[in-house]
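Engineer: Here is a sequence together with a model predicted from it:
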Amino acid sequence: MKKSLWIVIVIAGVLQLSGVICASYGVLRESFANLAQERGYGEGRYGEGTYGGGPTRIQEVLIKLGTKMGLLPPDRTLTLTDRKTNAAWAITGVILGVLGTVIDLIVKLTSKYAT
C-alpha cells in the first residue's frame with residue numbers, strides 16, 4: 001500500500017478517536033452534573049424516586065469521583081457557560097467522528113475500485 005494512503009488512514013483514525021474523546025468529555029460532564037442535582041421537595045411522591053431525597057450512596061461515590069477528575073465543579077453545579085462548553089465539546093466530537101468515518105469510507109471505496 002502507498003505511503004500516502006497510510007497517512008490518510010491514520011488521519012481518519014485520529015479524527016475518529018478524537019471525536020469519540022471530545023463527545024464523551026462533553027456528555028460525561030453534563031451527566032455528572034445531572035447526577036449531582038438534588039431532587040426537589042415532593043418529587044418522588046408517585047414512584048419516581050425517594051421523597052425529597054438526595055443521591056444514593058453509589059451516586060454519591062460517582063459524584064465524588066467526577067469532582068476529583070475535574071468533570072464536575074466542587075459546588076456540583078454547572079453554569080450556563082459550562083453547559084454551552086459541554087455542548088460545544090459534544091458537537092465537535094460528533095463532527096470529527098463523522099469526518100473521520102467519511103474519510104475512511106472514501107479510502108475503502110477508492111482502494112477497492114483501484115485494484
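Structural biologist: Received it, and whenever you're ready, just let me know what you need.
Engineer: Tally up the residues packed near R83, please.
Structural biologist: Neighbourhood size, R83 [other CB atoms under 10 Å]: 14. C-beta coordinates here come from the backbone N, C-alpha and C atoms, glycine included.
Engineer: these two touch, right, it and E30?
Structural biologist: Yes - shown here, R83 and E30 form a contact pair, counting by CB atoms under 8 Å, at 7.0 Å.
Engineer: who's in contact with the residue most central in space within the chain?
Structural biologist: Centroid check for the chain by CA atoms, centre = their mean gives S24 as the closest residue, at 1.9 Å. Shown in contact with S24 (CB atoms under 8 Å, 6 or more residues apart in numbering): G93.
Engineer: Can you name the next helix or strand after the helix or strand containing it?
Structural biologist: Assessed by DSSP states H and E, S24 sits inside helix 3-36. Sequence order places helix 57-68 as the next helix or strand after helix 3-36, per DSSP H and E.
Engineer: now that following helix and helix 3-36, what's the angle there?
Structural biologist: Inter-element angle recorded for helix 57-68 and helix 3-36: 130 degrees (by axes from the mean of the first three to the mean of the last three CA atoms, to 10 degrees).
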